[in-house]
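> Starting from these lines, generate the structure:
(3 chains)
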Amino acid sequence: MHVAVSKAKVIRIVLVFSIALTLTCSGRRSSDGTVEVTFWHAMGGPLGRVLDKLIDEFNATHPGIRVVSVSMGRYTALSQKIMAAVAAGKPPTMAQAYENWTVELIMNGSIVPIEKFIEGPSGLSAESFADILPVFIKNNSWDDVIWSFPFNKSVRALFYNKDLFREVGLDPDHPPKTWQEYLDFARRLTKDVDGDGNPEIWGTAGQVNVWMFGNLLIQNGGSFLAPNGEEVAFNSPEGVEALAFMKKLLADSVGFVASGFEYQNDFLAGKVGMMEGSTVSLAFIKGKYDFELGIAPIPAGKRPGVLIAGTNVVIFAKASEEEQKAAWEFIKWFTDTEQTARWAAGTFYVPVRESAFKSEILRKRFEEFPGLEDAFAQLHYATFEPKIAGWYAGRRYLAERSIEAVLRGSSDIKEALDRAAAKANAEIRRLKRLKQKLGLTGKG
Amino acid sequence: MILPFIWMVSTSLKTPQETFIPPDFFHLRPTWIPDKVVFSNYVQAWSEVPFPRYFLNTIFIALCTVSGVLITSCLAAYAFAKFDFPGRETLFVFFLSMMIVPQAVYLVPSFIILSKLGWVDTYLALIVPWLAQIFSIFLLRQQFRTIPNDYYDAALIDGCSRMGFLWRVLVPLSKPTLVTIGLFSLLGSWNTFIWPLIMTNSDKLRPIQVGLSYFAQEQGTEYGLMMAAATFCVAPIIIIYFIAQKQVIESYARSGIKG
Amino acid sequence: MTKHSILPKTRISKRHRELLRALLYISPAAAIILVFRVLPIVAAFGVSFYYVMMGKIVGFAGLSQYLMLLSDSEFWNALLNTTYFVVGTVPVSLFLSLFIAVLLNQKIRALGLYRTIYFLPVVTSLVAVAIVWKWIFHPRLGLFNSFLDAIGLNPLMWLEEPRGVFALLASRMGIELPAWMGGPSLALVAITITNLWRGIGYNIVIFLAGLQNIPNEYYEAARIDGANRFQTFWRITWPLISPTTFYVVIMTTIVSFQVFTLVYLMTGSPVGGPLGTTKVLVYYIFEKGFESGGDMGYASCVALVLFVIVLGLTLIQRRLIERRVHYY
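Just a heads-up that it's a prediction; the model follows:
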């Protein structure tokens, strides 16, 4: 008995150690010499399927490189895993990242600037580089260095129910183009049939969302950051007006705010006349509605304006030279005209190159979904949210303390915005001080 | 008290349209008993996400954990209860004090340690840290101490080995406590959420609770599906519970007396 | 079957042999505990003195992160929410579970059935509980509001309601309370209710065990002396279950201070509930450490402060209550 027990114990210990050993020792190079590129992303569902198909194709046509796709399902999980991996010193080769994660990854020295590869031997020619939409280049540059590369980007679009439009006498081919029309149309679409104070059909619906506020802000002539780029300016009079308008749309009598994506379900059920969403929403709502769907650019304020969304990709410094180069090959291929057009056609993310707009597969999509092309065309005047260190937390304050508060009934809009601005500025200042004190420029 | 359970099952049997009807509390139909009873929610939920895999993962993890806890607790409790060595009480109190520390404190660093070991996203991260439980050692030590030392001394004189005494005398006499420890460990493993949430990414290893939470978050407004998933996730534990109620409840009760 | 000790009998004293043997037996458990409990706790303490960005240490902070805590309004908000939760949970749970346990203690026949039913939520996973109760609290389609509707009351927004319960009650009576007096938000109260439903069975079972330990002679004596039910309870039951009460209060406090899963799953998006009113301490730690910049150094600071608070409360409760505990 004595012997039997310790044997079992010994076997267990040996097993544990051997498993641990094989796991820790498995290098990134498999036995046949191919370079392995681990790619962490958050594309799930229909988006993940399109991505995986493209990755399989890349692997098949690029012997010697194997991209391993790991989906974390959602962005919060992705950022957690990235952080944890960085903490443990075992990051993947490349990953999707928002700009405000990227700036911190730059500061802590975890990533290499992609510019190195763009200008390297297997880089992009001058005309190829010029083909990339300028907004994306600016979006991925810090201090004039391109650190990341656009991967899955989108713009905001207005989706509307043409049948409901017709029912209330609105021209289904004339979506709202100004703030005034937006509000008017919403009013006309809202119907309270039984007069119980609860409309059966709403003009519009949405969620607590910095993106929507941001669009309104820039359309109204405001901006997130002050000209010096060191503090926020969304609590300007333009910001107050923008938030007030958002409140009129979503928290007055013509629209409502829902948690998560419930408002989308209501739109699909024909209970909401218009809704805003990423162009990617189309991938999720496709085939789930039985009315005529209208797609349009979002209405303009004093001027048209839209912020891009989505993520870029970064390459981690811990990866070996070979792995980094292989990752770049994948990125280069994925964002080439043909593939970026296919990606856009499959997921309704926007293509990253101008030339992709002319590709056959994308043109077919435009025909299939009238209005989509106009929505995509917003890219030509699109801009982006701040990407300074501290905006990660800053935008959260904006969402929680201002937007949510106002949409839930708070009436002092200026005060709500000021509160968020104060906290955001404090965080920006803190990280700036840290950066200076510790010399965190990423180049070391 | 059990209304929520009834509501859960009732919703799981409803068609999506029926779940969207505002319920009428005192009307049996259609609120509590659906007009149209469907089992499709169960079928859909079960196949939409790899729940069978999640179940297998959970069972595997639970089995490993329970056996591990039983073995390590027996060995350690035996030493603390019967052996006489310098520093015994100090070491024991040190272990006990680790119990008070909130999980929030060691969650992040554990993650970093597991990452450095390369165990993140492997079964190792989900099993190994739980192979020893301080509370179990505590309970078992208390139990072992109730067996008089005279037996121990006599057995040794008769030529019984120390290991032999443990397995052939103490363990058979301590069945209720071992059942308690086994049950706690099983329940803990089945219901665990935060740890696997943070320590694993991939679908392949995901245990039930994490799978259920992702499923629910992704379903949006498909309440029927969510309730169906919740039902079959709690069903196994409830079945075990009803079979072994006395043991389960008494285990919990026993653990609370004389802390 | 005689087995010789695997350790040599000569040169090593018996005491040392015993020590080595003990260490051998304890080693499997000790290895696990050391690597996965002690080491992380020490590491948490260590990392709290460093600046961490997106998971990587970028510099030494000394005590400055602890100082930052003092002026961190989000931390104080999280602490406030957690305190509301604990204050809402502990006395209510104590009172209800004791009350029910006392009642059940008299009906010996159906005792088993009731005990089983009350305890059922305790073995149900928190995830399932959160999902089901989130559905129960749905403002339009949920069970709770249908109940309110059926008895003629207005439906409530529950998990989406950021206004405090005191403010809500006051506004029913036409009074406008200032913001700071609003009390815990209805959303937080909804989570408290869920938590109570789930945990009460445990306390009931503990109390029942304690009650059953009271020898009948005491009750007999009280009956003979002509004491009524109320007096019996106060003079006999209450003092004699004080060790149990003590245990229940401490355990419930420690556990409820660490509430996380319910908040994470019930107040989904944005997490932290309506206007951050359900953002509790452990959630704040999780958010700081795993989201929002990966500041694991600061997260560890908050976690250690949480530990100190819990430890402090436990010690205070021990001093206050233990004096009143009657051991017999």
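> quick check, residue A:312 in a strand?
Yes. Assessed by DSSP: H, G, I helix; E, B strand; the rest coil, residue A:312 belongs to a strand.
> In contact with it, which residues?
Each residue near residue A:312 by C-beta atoms under 8 Å, 6 or more residues apart in numbering or on different chains is listed here: A:96-99, A:102, A:139-140, A:148-151, A:153. All C-beta spots, glycine's among them, are computed from the backbone N, C-alpha and C.
> Please flag which of these sit within strands.
Among the contacts of residue A:312, the members falling in strands (DSSP state E) are A:96-97, A:149-151, A:153.
> Name the nearest of the contacts of residue A:312 relative to residue C:152.
Nearest to residue C:152 out of these is residue A:98 (C-beta to C-beta; 49.3 Å).
> Against chain B, how distant is the residue lying closest to that closest one once chain neighbours are set aside?
Leaving aside its chain neighbours, residue A:98 sits nearest to residue A:311 (5.4 Å; criterion: C-beta to C-beta, 6 or more residues apart in numbering or on different chains). Taking C-beta to the nearest C-beta, to the nearest Å as the measure, residue A:311 falls 17 Å from chain B.
> ok, how many other residues are close to residue A:311?
24 (other C-beta atoms under 10 Å in any protein chain shown).
> got a list of what it touches?
A:42, A:75, A:96-98, A:151-153 are the contacts of residue A:311 under C-beta under 8 Å, 6+ apart.
> pLDDT and neighbour count added to these, as a markdown table?
Below are the contacts of residue A:311 laid out as a markdown table (pLDDT from 0 to 100; neighbours: other C-beta atoms under 10 Å in any protein chain shown):
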| residue | pLDDT | neighbour count |
| --- | --- | --- |
| A:42 | 91 | 20 |
| A:75 | 85 | 16 |
| A:96 | 96 | 23 |
| A:97 | 93 | 26 |
| A:98 | 92 | 20 |
| A:151 | 95 | 27 |
| A:152 | 94 | 23 |
| A:153 | 94 | 25 |
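> Return the residues of the stretch 201-350 of chain A in contact with chain C.
Counting by C-beta under 8 Å from any C-beta of the partner chain, the stretch 201-350 of chain A comes close to chain C at A:207-208, A:259-260.
> Just the buried ones from those residues, in PyMOL syntax?
One line in PyMOL is enough to select the buried members of those, burial here meaning 16 or more other C-beta atoms under 10 Å in any protein chain shown:
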select buried, chain A and resi 207+208
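> Over in the stretch 101-250 of chain C, which residue gets nearest chain A? Let me know.
Nearest residue of the stretch 101-250 of chain C to chain A (C-beta to the nearest C-beta) works out as residue C:162 at 6.0 Å.
> Kindly report the same for the stretch 151-259 of chain B.
Residue of the stretch 151-259 of chain B nearest chain A, by C-beta to the nearest C-beta: residue B:163 (4.6 Å).
> Helix or strand: which one has that residue?
For residue B:163, the host element (DSSP states H and E) is helix B:162-165.
> and after that helix, which helix or strand comes next?
Using DSSP H and E, the first helix or strand after helix B:162-165 is helix B:171-173.
> what is the mean pLDDT for that following helix?
Taken as a whole, helix B:171-173 carries a mean pLDDT of 83.
> TSV please, covering the ones in strands among the contacts of residue A:312 and showing distance to residue B:8.
Output for the ones in strands among the contacts of residue A:312, formatted as TSV (distance: C-beta to C-beta, whole Å):
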residue	distance to residue B:8
A:96	36
A:97	39
A:149	47
A:150	45
A:151	41
A:153	41
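> near chain C, from those?
Okay, of the ones in strands among the contacts of residue A:312, nothing touches chain C (C-beta under 8 Å from any C-beta).
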